[in-house]
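> A predicted structure for the sequence below; I have some questions about it.
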Amino acid sequence: MHQVFAVNISSVFEPAKTFNTFGSIVSVVVKNAFVLAGIISFVLLIFGGFAYIVSAGSSDAKQMEQAKKSITGAVTGLIIVVTSVLIVQVIAIVTGSDVLKQMIGK
């Protein structure tokens, strides 16, 4: 049988002391990814709305169509983020996993 050597990275990398398990690292990464995706979708929605208003004022059909696509993409992204959060919540309820419950803030 082969022996596997474990390295204690907390002596070299100080933040490693706060993450006891791989699940806690995944929780932090996924939670921040959800927040970042929501913020990006919201910002794109605002910019798309602003572009739509500006293009409507200048009667430029190409810019208006591009603004509509931007708004549609932002709303679709926001729906995907919200749906993925709901899926993670369902998985947390079904599995009873503490890691997932920590991730969604319960």
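Here it is on my side, so go on.
> is it true that residue 40 touches residue 73?
No - if you go by CB atoms under 8 Å, residue 40 and residue 73 don't touch, sitting 10.8 Å apart. Any C-beta I mention is one placed from the backbone N, CA and C, and that applies to glycine too.
> where do the helices sit along this protein?
Taking DSSP state H as the criterion, the chain contains helices spanning 22-58, 61-95, 98-103.
> To residue 10, which of those lies closest?
helix 22-58 (12.8 Å; CB to CB).
> angle of the closest one against helix 61-95?
160 degrees (axes from the mean of the first three to the mean of the last three CA atoms, to 10 degrees).
> In helix 22-58, which residues are buried?
For helix 22-58, burial by neighbour count (16 or more other CB atoms under 10 Å) applies to 27, 30, 31, 34, 37, 41, 44, 45, 48, 51, 52, 55.
> worst-scoring helix or strand of the protein, pLDDT-wise?
helix 98-103 (a mean of 50; mean pLDDT, DSSP states H and E).
> related to what we said a few turns ago, now the helices of the chain in a markdown table, with distance to residue 11?
Listed next are those as a markdown table, based on distance: least, CB to CB, whole Å:
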| stretch | distance to residue 11 |
| --- | --- |
| helix 22-58 | 18 |
| helix 61-95 | 33 |
| helix 98-103 | 25 |
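> ok, now how distant is the residue sitting nearest the centre point of the chain from residue 71?
The centre of the chain sits closest to residue 34, judged by CA atoms, centre = their mean, with a distance of 2.2 Å. Going from residue 34 to residue 71 by CB to CB, to the nearest Å gives 21 Å.
> for the protein, which spans come out with low pLDDT?
For the chain, applying pLDDT under 70 flags the ranges 1-7, 9, 23, 97-106.
> Please repeat the previous calculation with a cut-off of 90.
For the chain, the stretches flagged by pLDDT under 90 are 1-35, 37-38, 41-42, 51-64, 67, 74, 77-78, 80-82, 84-106.
> Stretch 13-21: end-to-end distance?
The straight-line separation of the ends of stretch 13-21 (CA to CA, to the nearest Å) is 15 Å.
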